[in-house]
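**Student:** structure for this input, please:
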Amino acid sequence: MAPSASLLPRISLLGLASFWLLMLLAMRTYPGGNFAALSHSSHDFFANYWCDLLRDVALNGQDNERGATLARAGMAAMAAALGAFWLRAGRGLARPVAWRVAAAGSVSSLAMLFVACLPSDRFPQAHAPAVLVAGAPGFACGVAIAATALRRSREAPLFAVLSFALVVLAALNLALYVDVACISGGHNALLPGLQKLASFVLTGWITVGLRDWERPQRKSPHTVRAAVVSGSSSARSAGPASASARNACASR
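**Tutor:** Below you'll find the model as predicted:
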């Protein structure tokens, strides 16, 4: 295996571990406040958006510079994890699809870095577009890989199940975020919790996907039976021909 191929899964897994560690530290550091309760005194796992952690000033008005630095590093780690995964997972796809996944995934990962650097408190006009530029191509990559995973569900059933769950959760997250950021402009109480759930599923999806994509593809029972039947038929057809050849040689 080429060094670059073996390095990509390690980058992806290290990025995932770093993301959760840094984000948990940022949660502990966050002074408080969410859009449902601005005066709340600490981070609320089911009420705060991921991007609340990026704010230099928390929603309750207190300083969050240290926590924002941790959260930006966590977002950067997730961008690296996803970028490596898109490149690695593309090896299990048809070449035209693999190129599209690599290109769209690179755009998504780069845009995620911009999300980390454009918090909503300092860049209110740029933050939402950066999130959408990161989310839309990433969602398209996920759909492309999920379609292949579902077709190979017998080979990797867990990855297929996680693929379906992730696509559903990602679609809900994307739709609700578009509504909050571009249409209604209000707070959606379901979205923060859905973000966390999607992130958990994404972590499992990448981890299982790397394992299944690394594993050589197994032939399905149908393929094996077809090969056996084909081989037997070839042997039977070759039998009379071989006998005829031997008789001809003997007669000479």
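
**Student:** hmm, who's touching the one helix or strand Val201 maps to?
**Tutor:** Element membership for Val201, per DSSP states H and E: helix 191-214. Applying C-beta atoms under 8 Å, 6 or more residues apart in numbering, the contact partners of helix 191-214 are 9, 12-13, 16, 20, 34, 44-50, 81-82, 85, 88-89, 91-92, 145, 149, 155-156, 158-159, 162-163, 165-166, 169-170, 172-173, 176-177, 180. All C-beta atoms are positioned from the backbone trio N, CA, C, and that covers glycine.

**Student:** got a ChimeraX select line for the buried ones in those residues?
**Tutor:** Filtering these down to the buried ones (16 or more other C-beta atoms under 10 Å) takes a single ChimeraX command:
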select :9,12,13,16,34,44,47,48,49,50,81,82,85,88,89,92,145,149,155,156,159,162,163,165,166,169,170,173,176,177,180
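
**Student:** distance from the chain centre to the helix holding Val201, please.
**Tutor:** Remark: helix 191-214 is offset 6 Å from the chain centroid, using C-alpha atoms, centre = their mean, to the nearest Å.

**Student:** go on, stretch 93-101?
**Tutor:** Centroid displacement of stretch 93-101 relative to its chain, using C-alpha atoms, centre = their mean, is 16 Å.

**Student:** circling back: what about the contacts of helix 191-214, which are in helices?
**Tutor:** Taking DSSP state H as the definition of helices, the contacts of helix 191-214 contribute 9, 12-13, 16, 20, 81-82, 85, 88-89, 145, 149, 158-159, 162-163, 165-166, 169-170, 172-173, 176-177.

**Student:** quick revisit: report the buried residues of the helix holding Val201.
**Tutor:** 191-192, 194-195, 198-199, 201-210, 212-213.

**Student:** so where is the protein shaky, pLDDT-wise?
**Tutor:** Within the chain, the segments meeting pLDDT under 70 span 1-5, 213-252.
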